[in-house]
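# okay, predicted coordinates and the sequence, questions at the end:
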Amino acid sequence: MADNQQPIIIKKVKGHGHGHHGGAWKVAYADFVTAMMAFFLLLWLLNATTEEQKLGISNYFSPVSVSNSNSGSGGLFGGTDFQSEGSLSSEGTAIVRLPPAADTAVEVDSDGDSPPQSLSEEELAELVAKQEEEQFEQAAAELRQAIRSVPELAELQDSLVVEQTPEGLRIQLLDQERVSMFGLGSTEPEEETRRLLALVAEAVKNLPNRLSISGHTDGTPFRGESGYSNWELSADRANAARRLLTESGIDPSRVSQVQGRADTELLVPEDPTSPRNRRISIVLLRDNPAVSAAPEPVELEEPVLPEGSILQR
């Protein structure tokens, strides 16, 4: 009987629970973590950046402000760390509106410095004239001080006359009774004249104004060889003064004119033979002489026409 028993087969079936759903939850969880990280990174950036940097980020994602540069320095922050102040690179100018009391627009550069407001032509001319006046006064004071500081030139203090005229700052080197700038009938300057002209050059060489140099003689007629007269003598003395000034540091391009006036502009007209009429005149010309020498308007009287004239009709 035992030989006729069939073998007993036991089947074990493993139960299938819910399982892990194939691992799809891991992908969803990773997306969630990534989104949270991006969210907290955005919050941190909003707190760590300045208003300028936020504006730069906004402009970066705007289609009209995408940078065309391929280099790192031409990008959003110009090659600098976004945590540093002023890392946003910006070029050009901005128009800033002033308070209502001064309703004008001025240009401000990227550094925040604003230039002075524009002036009218009259105000600008007045400002230039005032600056010239101050420069001329300073040059005159320096020249007088320089002469007083040289004992050898003490006797020449009366030979130097400095004054402001509508034409400009006029510096005149005059002859005296016992002191002459040039020898009698000569165009060769004396040693004291050379030193005096060197002081004049030192006082005015840093000013931008052009120079006018003229020579003057007294009323005594002078006749040299081949008709050489006071005209040629005064012109040659003025040219000798020009050479000394340029040798002492004056830019030759600043000399606008050199002329001889002979005895046509006497300093002492009541005494034509006075030694003070023999002089060298150096004028620092004003940039805008019309400002200081504008003639006063003259009112013309209306002409009285005779009765019955054609113009009256």
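Yep, that arrived. This one's a predicted model, so the numbers in the text were calculated from it and none came from an experiment.

# phi, psi of Gly168?
Taking degrees, to the nearest 10, you get phi 160, psi -160 for the backbone angles of Gly168.

# apart from its neighbours in sequence, what residue is nearest Asp158?
When the adjacent residues along the chain are set aside, Asp158 lies closest to Gln176, with 6.2 Å between them (C-beta to C-beta, 6 or more residues apart in numbering). C-beta here means a position set from N, CA and C on the backbone, and glycine is covered the same way.

# wait, Arg286
Gly168 (4.6 Å).

# show me the shaky parts of the protein.
1-5, 12-22, 62-118, 151-152, 154, 288-313 (pLDDT under 70).

# what ranges does the protein have for its strands?
In the chain, the segments counted as strands under DSSP state E are 94-97, 105-108, 160-164, 168-174, 211-216, 255-262, 279-285.

# which one of those strands lies closest to Glu52?
Ranking those by distance to Glu52, with C-beta to C-beta as the measure, places strand 94-97 first at 12.5 Å.

# related to what we said a few turns ago, quick check: which of the strands of the chain is nearest to Phe222?
Checking the strands of the chain against Phe222 by C-beta to C-beta gives strand 255-262 as the closest, at 9.0 Å.

# mind listing what's buried in that closest one?
Residues of strand 255-262 classed as buried: Val255, Val258, Gly260, Arg261, Ala262 (neighbour count, 16 or more other C-beta atoms under 10 Å).

# counting neighbours, what do you get for the closest residue to the third one other than its chain neighbours?
Read that as Gly260. Taking C-beta to C-beta, 6+ apart as the measure, Gly260 lies nearest to Ala235, with 2.9 Å between them; neighbours along the chain are not counted. For Ala235, the number of neighbouring residues by other C-beta atoms under 10 Å comes to 18.

# so the residue nearest to Arg286 touches Leu284, yeah?
Yes - under the criterion of C-beta atoms under 8 Å, Gly168 lies in contact with Leu284, with a separation of 4.7 Å.

# what do those two both touch?
Phe136, Asn209 (C-beta atoms under 8 Å, 6 or more residues apart in numbering).

# you'd agree Ala198 is up against Ile250?
No - look at Ala198 against Ile250 with C-beta under 8 Å: they stay out of range, at 10.3 Å.

# which one's more surrounded, the two?
Set side by side, Ala198 and Ile250 show unequal neighbour counts under other C-beta under 10 Å, the larger going to Ile250 at 21 against 16.

# list phi and psi for that one.
When read as degrees, to the nearest 10, the backbone of Ile250 gives phi -80, psi 130.

# for the closest residue to Arg223 other than its chain neighbours, give its distance to Pro166.
When the adjacent residues along the chain are set aside, Arg223 lies closest to Ser229, with 6.4 Å between them (C-beta to C-beta, 6+ apart). Between Ser229 and Pro166 the computed distance is 30 Å (C-beta to C-beta, to the nearest Å).

# between the two ends of stretch 45-55, how far is it?
13 Å (C-alpha to C-alpha, to the nearest Å).

# in that stretch, what counts as buried?
By neighbour count with 16+ other C-beta under 10 Å, stretch 45-55 contains the buried residues Thr49, Gln53.

# what of stretch 261-279?
For stretch 261-279, a neighbour-count test (16+ other C-beta under 10 Å) marks Arg261, Ala262, Asp263, Leu266, Leu267, Ser274, Pro275, Arg276, Asn277, Arg278, Arg279 as buried.

# what's the closest of these to Asn59?
Using C-beta to C-beta, Arg261 is the member of the buried residues of stretch 261-279 that sits closest to Asn59, with 69.7 Å.

# if I look at the closest one, how far off is Met37?
Arg261 sits 92 Å away from Met37, going by C-beta to C-beta.

# got a list of what the residue nearest to Arg286 touches?
Applying C-beta under 8 Å, 6+ apart, we find Gly168 in contact with Phe136, Asn209, Ser212, Val283, Leu284, Leu285, Arg286, Pro289.

# circling back: any chance of the buried residues of stretch 261-279 in CSV, with distance to Ile8 too?
Written out in CSV, the entries for those read as follows (distance: C-beta to C-beta, whole Å):
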residue, distance to Ile8
Arg261, 150
Ala262, 155
Asp263, 158
Leu266, 157
Leu267, 153
Ser274, 160
Pro275, 158
Arg276, 155
Asn277, 156
Arg278, 155
Arg279, 150
